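S.K.: The sequence and its predicted three-dimensional model are supplied below.
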Amino acid sequence: MRSALGLALCALVVSSAVGQQYRAGDVKLWDAKTGALLAALEGQPTNVWSVALSADGNTLLSSGYNGNVIVWNQAEKKPAQTLDKHKSWCRSVAISPDGKLFATAGEDGNIVLWETEGAKEQKTIKAHDAAVYDLAFSPDGQTLATCSTDKTAKLWDVAAGTEKAKLEGHADAVWAIAWNKDGSLLATCGADRKIKLWNAEGKEQATLEGHKDWVSDIAFSPDGTLLATSSHDKSVKLWDVAEKKEVASLGPYKSTVWCVAFSPDGSILASGSHDDAIKLWNVASRAELFAPAAAAPATPPAAAEPAKPAEPKPEEPKAEEKKPE
């Protein structure tokens, strides 16, 4: 099962989706600078599969296994609206850069566009023939990228709701999709263990390989120079976009790593794994923030000093023998 992350301003939003799908889910907000818990939001009746936090931090969305999408009232720590348009699993939610729209992705292959104000449905698009796993708005908000278990990704005109391009090349389900900072490049990853780069017209530019199992999530750094990926091989990798090569592998992790997200200034990378562990990394130093202190190695017992041989007692002087008279 997937956990989801969102980093905006200094808040880290985490959703949990480990275990039985129909257990109650939760959403937590953490201070990314101190690691302190800011709020715990309850109200999603099933596992939470995705979260989205607007750039200004005012809009928070989550989606669940039951298909519901919740718009949260963060001040009151409770749902403000619950949307039940999707009749099955809603795998992903995304908010447009200007915050005026958001999009939701369904197991049935549909995507729904909503007006943020009042959470009003704008249009529903039959996007794929299989489950839509992820979606992302372009930086200018005019194009929506989607990816699916049908092994494809697609680009959509947001205003018209029409398909602009179909990205084909993955040999298995495409799990995640992301745009770079200026919208000139997209990245996809999936169950074929590959990462692919595409131009804005949907033409393949490169394939990156290095993970040993499914690649579950992908994110560009805000300046577009780095790409972060997470995988079922229990690792997070950083890639140089220009050089198209791996530059770091972060870990170790004890289990599948489901998701990654950069902070707005690019200095922090967050990751979420199947064992409920959330790790924050200093991107420049590759050091883990708030890492548990390593247990001090046990001090070996001091070696017993060898017993010193008993010092010989000084020989007592012999009594003079008595001379016969």
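M.R.: Yes, it's here.
S.K.: CA only for contacts and neighbour counts going forward, please
M.R.: Noted.
S.K.: how about low-confidence regions in the chain?
M.R.: Low-confidence segments of the chain, defined by pLDDT under 70: 1-24, 276, 293-325.
S.K.: switch to 50 and redo it
M.R.: 1-4, 7-11, 15-21, 295-325 (pLDDT under 50).
S.K.: got the CA positions of stretch 164-178 in CSV?
M.R.: What follows is stretch 164-178, C-alpha atoms only, in CSV (Å, rounded to 0.1, in the frame of the first residue of the first chain):
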residue,chain,number,x,y,z
LYS,A,164,-2.9,16.4,-26.3
ALA,A,165,-0.3,13.6,-26.4
LYS,A,166,0.1,9.9,-25.5
LEU,A,167,3.4,8.8,-24.0
GLU,A,168,4.2,5.2,-24.8
GLY,A,169,7.4,3.3,-24.0
HIS,A,170,7.0,1.7,-20.5
ALA,A,171,6.7,-2.1,-20.6
ASP,A,172,4.5,-2.2,-17.4
ALA,A,173,2.2,-0.1,-15.2
VAL,A,174,3.3,3.6,-14.9
TRP,A,175,3.2,4.5,-11.3
ALA,A,176,4.1,8.2,-11.1
ILE,A,177,4.5,11.3,-13.3
ALA,A,178,6.1,14.7,-12.6
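S.K.: which parts of it are buried?
M.R.: 165-167, 170, 172-178 (16 or more other Cα atoms under 10 Å).
S.K.: Just the closest of the residues you listed to Ser216, please.
M.R.: Of all the buried residues of stretch 164-178, Ser216 sits closest to Trp175, with 5.8 Å by Cα to Cα.
S.K.: So Gly118, which state does it fall into?
M.R.: helix (DSSP: H, G, I helix; E, B strand; the rest coil).
S.K.: that older thread, would you reformat the buried residues of stretch 164-178 as a markdown table and include distance to Gly190?
M.R.: Shown next, in a markdown table, are these (distance: Cα to Cα, whole Å):
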| residue | distance to Gly190 |
| --- | --- |
| Ala165 | 19 |
| Lys166 | 16 |
| Leu167 | 13 |
| His170 | 8 |
| Asp172 | 7 |
| Ala173 | 6 |
| Val174 | 4 |
| Trp175 | 5 |
| Ala176 | 7 |
| Ile177 | 9 |
| Ala178 | 12 |
